[in-house]
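Q: need a 3D model of the sequence below.
(one chain, ligands or ions: 1)
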Amino acid sequence: MKEPLLGKTLKELEDICLENKMPKFNAKQIASWLYKSDVNEICQMTNLSLKTREVLSERYSIGKIPHIKEMESKDATVKYLYKYDETTFVETVIIPDKARQTLCISSQGGCKMNCLFCATGKQGFQRNLTSGEIINFVASLPEKEDLSNIVFMGMGEPLDNFNEVVKAIEILTSQWGYAISPRRITLSTCGILPKLIDFIEKTECHIAISMHNPFHEERLRIMPIEKTYPIEEICNMLRNYNWYAQRRLTFEYILFERENDTYFHAKEISRLLRGLNARVNLIPYNPTPNSPFKGASQERMLQFQEELEKFHLITTIRKSKGEDILAACGLLSTKNLEENSSK
Ligand code: SAH
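A: The predicted structure is shown next:
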C-alpha cells in the first residue's frame with residue numbers, strides 16, 4: 001500500500017523531498033496542493049516536474065478517503081460516516097448556524113474513557129486515527145469552502161491521541177496548511193490533566209472541559225476519568241493560565257433530570273470555577289439506546305441557567321441539532337458496526 005501524503009507536516013514533506021532527491025522547495029508546493037486545492041492524484045500537481053510526480057507516485061498517494069454514508073437532518077445538520085478499515089467507522093457532523101459552518105470531528109475509532117452516557121464509550125476502543133485520517137475529514141468535506149469552525153467533539157478522547165491531534169492542528173492552522181485561525185478551533189476533553197497542560201502550552205485553540213457534575217463521588221459514577229484526574233484538580237490547574245475572549249475556556253454540562261440539576265450543583269460549579277474566566281455550556285442530552293439517563297426539559301435548562309447566573313456564571317445553552325439523524329456522539333458509527341457484525 002502506498003503511503004498517504006495527507007496529514008504530513010511541511011517538515012515531513014521536506015524530509016520526503018530530501019529522501020527522493022527532490023529540491024526542498026517542492027515540499028511547499030506539495031503542501032499547497034494537499035491543503036489549499038482539491039487534487040485527488042499526484043499527477044495533478046502540475047508545478048512539479050513530470051519526473052518528480054512519477055517518483056512520488058511510486059511510493060505515495062494523496063490518501064483522500066470519501067465518506068460512505070451521509071444523513072441530512074431536518075435542521076440541515078449533515079452527518080458523514082467514514083470507513084477507515086474493516087472495524088473502524090468514524091463520523092463527522094457539519095452544523096450550519098447562521099453564517100457559521102462548524103465541523104465536529106473525531107479523533108479515535110471508539111473511545112477508552114467509558115463515560116456512561118456516551119454511545120462512543122459503549123463501542124469500546126478500536127484505534128487512534130492518524131493525522132491524515134483526521135485531516136481527511138476536512139479534505140474530503142463537500143462543504144469545505146464554507147467551513148468556518150472546527151470542534152474536536154466527535155468520537156474519541158482527543159488528548160488520548162495527543163501527537164496525531166496536535167499534528168493535525170498544526171496542519172489546520174499553519175500558513176502552509178489550511179491557515180485556519182486557532183481561535184476557530186475548540187478541543188473538548190474529559191480532562192487528562194498532564195496532556196491538557198501540554199495542549200494548552202503547545203497550541204492556542206479554545207478549550208472545552210466535559211464537567212457534567214461538580215461533585216467528585218457523583219462525577220466518578222458517570223465518568224471513570226474522575227478517579228485519576230478529579231475535576232477539582234483540573235480547575236485548580238486551569239487557574240494558572242490566562243483565559244480571555246481570544247482564548248475561551250468552556251465547561252460542558254449535559255443536564256440530566258434529577259441527577260445534576262439542583263441548586264447545590266450550581267453552587268458547587270460556582271465554587272470550582274471561582275477566579276476562572278470561564279463559561280458554562282449547558283447541553284441537552286441526546287438519548288442513546290437503552291440509556292438509563294434522562295435529559296432535562298428545556299424549561300429545567302432555563303431554570304438551571306438562571307441558577308448559575310445568580311452565581312455570576314456566564315452560561316449558554318447549546319441548541320440540540322440533528323436529533324433525527326442519530327447525531328449523538330458515536331451513534332451512527334455504532335449502528336454501522338452492529339450492522340457489519342451481523343452480516
Ligand atoms: N472525549 C471528549 C469529546 C467527546 S464528545 C470529551 O469528553 O469532551 C463532546 C461532548 O459531547 C462531551 O462533552 C461529551 O461528554 C458530550 N456527549 C457525549 N455523549 C453525549 C450525548 N449522548 N448527549 C449529549 N452530549 C454528549
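Q: what residues are bridge-paired with the residue lying closest to residue 72 once chain neighbours are set aside?
A: In space, and not counting its chain neighbours, residue 72 is closest to residue 78: 4.9 Å by CB to CB, 6 or more residues apart in numbering. In short, each C-beta sits where N, CA and C put it, glycine included. Listed beta-bridge partners, residue 78: residue 72, residue 94 (assigned using DSSP bridges).
Q: check contacts around residue 78.
A: Shown in contact with residue 78 (CB atoms under 8 Å, 6 or more residues apart in numbering): 70-72, 93-94, 143, 325.
Q: go through those and name the one nearest the ligand.
A: residue 93 (10.7 Å; CB to the nearest ligand atom).
Q: report the contact partners of residue 17.
A: Neighbour list for residue 17: 23-24, 26-27, 30 [criterion: CB under 8 Å, 6+ apart].
Q: buried only: go through the residues you listed for me.
A: For the contacts of residue 17, a burial check counting by 16 or more other CB atoms under 10 Å picks out 26-27, 30.
Q: how about the residues you listed in CSV, adding secondary structure, pLDDT and distance to residue 139?
A: Listed next are those as CSV, based on DSSP: H, G, I helix; E, B strand; the rest coil; pLDDT from 0 to 100; distance: CB to CB, whole Å:
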residue, secondary structure, pLDDT, distance to residue 139
26, helix, 97, 20
27, helix, 98, 18
30, helix, 98, 14
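Q: what is the nearest of the contacts of residue 17 to residue 195?
A: The closest of the contacts of residue 17 to residue 195 turns out to be residue 27 (CB to CB; 29.3 Å).
Q: surely the closest one and residue 14 touch.
A: Yes - counting by CB atoms under 8 Å, residue 27 sits close enough to residue 14 to count as a contact (4.2 Å).
Q: check what pLDDT residue 342 gets.
A: With respect to pLDDT, residue 342 scores 46.
Q: is the spatially most central residue of the chain bridged to anything, and to what?
A: What sits nearest the mean C-alpha location of the chain, by CA atoms, centre = their mean, is residue 152, with 1.3 Å. Judged by DSSP bridges, the bridge partners of residue 152 are residue 187.
Q: which residues touch it?
A: 105, 107, 158, 165, 185-188.
Q: change it to 7 Å
A: Shown in contact with residue 152 (CB atoms under 7 Å, 6 or more residues apart in numbering): 105, 107, 158, 165, 186-188.
Q: which pLDDT value belongs to it?
A: Taking residue 152 on its own, its pLDDT is 97.
Q: how near is it to the ligand?
A: 7 Å (CB to the nearest ligand atom, to the nearest Å).
Q: swap in residue 321?
A: Applying CB to the nearest ligand atom, the value for residue 321 to the ligand is 11 Å.
Q: one step back: any chance of JSON lines for the contacts of residue 152, columns pLDDT?
A: Converted to JSON lines, the contacts of residue 152 look like this (pLDDT from 0 to 100):
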{"residue": "105", "pLDDT": "95"}
{"residue": "107", "pLDDT": "97"}
{"residue": "158", "pLDDT": "98"}
{"residue": "165", "pLDDT": "98"}
{"residue": "186", "pLDDT": "97"}
{"residue": "187", "pLDDT": "98"}
{"residue": "188", "pLDDT": "97"}
